[in-house]
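> Model the following, please.
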Amino acid sequence: MFTYITVGINDLTGAIRFYDAVLATLGIERRETDENEAGYATAGDSRCRFWINHPFDRRAATVGNGSMPAFEAPSRAAVDAFHAAAIAHGGTDDGAPGIRHFHPNFYACYVRDPDGNKLSALCERPE
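Residues are numbered from 1 along each chain as shown. Purely as a prediction, here's the structure:
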């Protein structure tokens with residue numbers, strides 16, 4: 001459905017440190033980097049689908065109220081690892097890993113990156 005998603009950041013070096021560690025827990029790696037942005041993809045993908053970048057207008061990045069990329073996790077353990085890596089690398093907790101009311105196998109966590117962007121990791125497989 002999506003070609004790619006971007007989130008705005010203010011400190012590219014710090015954001016790369018955060019996202020490299022956090023996305024690695026889901027098998028997502030950084031593939032492209034320049035002075036304004038970094039792109040991430042899964043091993044089998046031909047293009048970067050998630051980008052962190054300085055806003056094009058050169059103004060400060062701000063948080064989108066109601067915006068939240070949710071990353072598919074292969075297991076509940078991967079959701080736990082995503083949450084732990086986010087906290088260890090300057091993120092903040094916005095909902096600890098656990099089952100949510102959406103359905104019996106909706107196991108997710110919610111974090112904020114150092115710029116305040118909300119992210120989720122989600123596993124919908126039965127344990």
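> in what helix or strand does Ala38 lie?
Assigned by DSSP states H and E, Ala38 belongs to strand 37-42.
> how far does the next helix or strand after that strand sit from the chain's center?
Going down the chain from strand 37-42, the next helix or strand is strand 50-53, by DSSP H and E. The chain centroid and the centroid of strand 50-53 are separated by 10 Å under C-alpha atoms, centre = their mean, to the nearest Å.
> again, but for stretch 40-52
Using C-alpha atoms, centre = their mean, the offset of stretch 40-52 from its chain centre is 12 Å.
> Quick check: buried residues in that stretch?
By neighbour count on 16 or more other C-beta atoms under 10 Å, the buried set for stretch 40-52 is 40-41, 48-52. The C-beta positions use only the backbone N, C-alpha and C, and glycine is treated the same way.
> Residues in contact with that stretch: which ones?
The contact list for stretch 40-52 (C-beta atoms under 8 Å, 6 or more residues apart in numbering) reads 2-9, 12, 15-16, 19, 23, 27-32, 37-39, 69, 71.
> Got a quick ChimeraX command for the buried subset of those residues?
Applying 16+ other C-beta under 10 Å to these, the buried members can be selected in ChimeraX as follows:
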select :7,8,9,12,15,16,19,23,28,30,37,38,39,71
